[in-house]
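> this one's structure only:
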């Protein structure tokens, strides 16, 4: 396997995700979230939020489309058919609520090779419409060798 170390530091155009109230509810139900701030508009507003609050792991919903950009970048040469999830980490900032517009950028932060497998690490940074950072994600991916 041959990896392109020159792509380290490459950044991709930002993507914008409009957070919807029903998407938050659907996601909360899918993961078994029971916090009323994620499910009950009146409760969220009574707690001082403009709308429903997204569960922290909702970050996957607005960040994953950005991570897909390097997957299909010919410069990186990732064989998507051999790609496996290696891990991910999040550092959260401001809460995300329905009605927010989240802008996410992604950067290639590391590329390596071990035992014939490619290792690709991407960092996502997401901000809301006010410029407040809502989440930084680190996504590690493995491309299995032949």
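Nice, thanks for sending it over. Small disclaimer: the values here were computed from a predicted structure and weren't measured.

> okay, now residue 11: neighbour count?
13 (other CB atoms under 10 Å). For the C-beta atoms, the positions are set from N, CA and C on the backbone; glycine is no exception.

> now swap in residue 5 and tell me
Residue 5 has 10 nearby residues by other CB under 10 Å.

> ok, now which ones touch the closest residue in space to it that isn't next to it in sequence?
Closest residue in space to residue 5, ignoring its immediate chain neighbours: residue 111 at 5.4 Å, by CB to CB, 6 or more residues apart in numbering. For residue 111, the contact set (CB atoms under 8 Å, 6 or more residues apart in numbering) comprises 3-5, 7-8, 76, 118-121.

> got it, and residue 110?
So residue 110 contacts 8, 119-121 (CB under 8 Å, 6+ apart).

> and for residue 76?
Contacts for residue 76 were tallied using CB under 8 Å, 6+ apart; they are 4, 7, 70, 108, 111, 120.

> swap in 10 Å and give it another go.
Contact analysis of residue 76 by CB atoms under 10 Å, 6 or more residues apart in numbering lists 3-4, 7, 10, 69-70, 108, 111, 118, 120, 122, 143.
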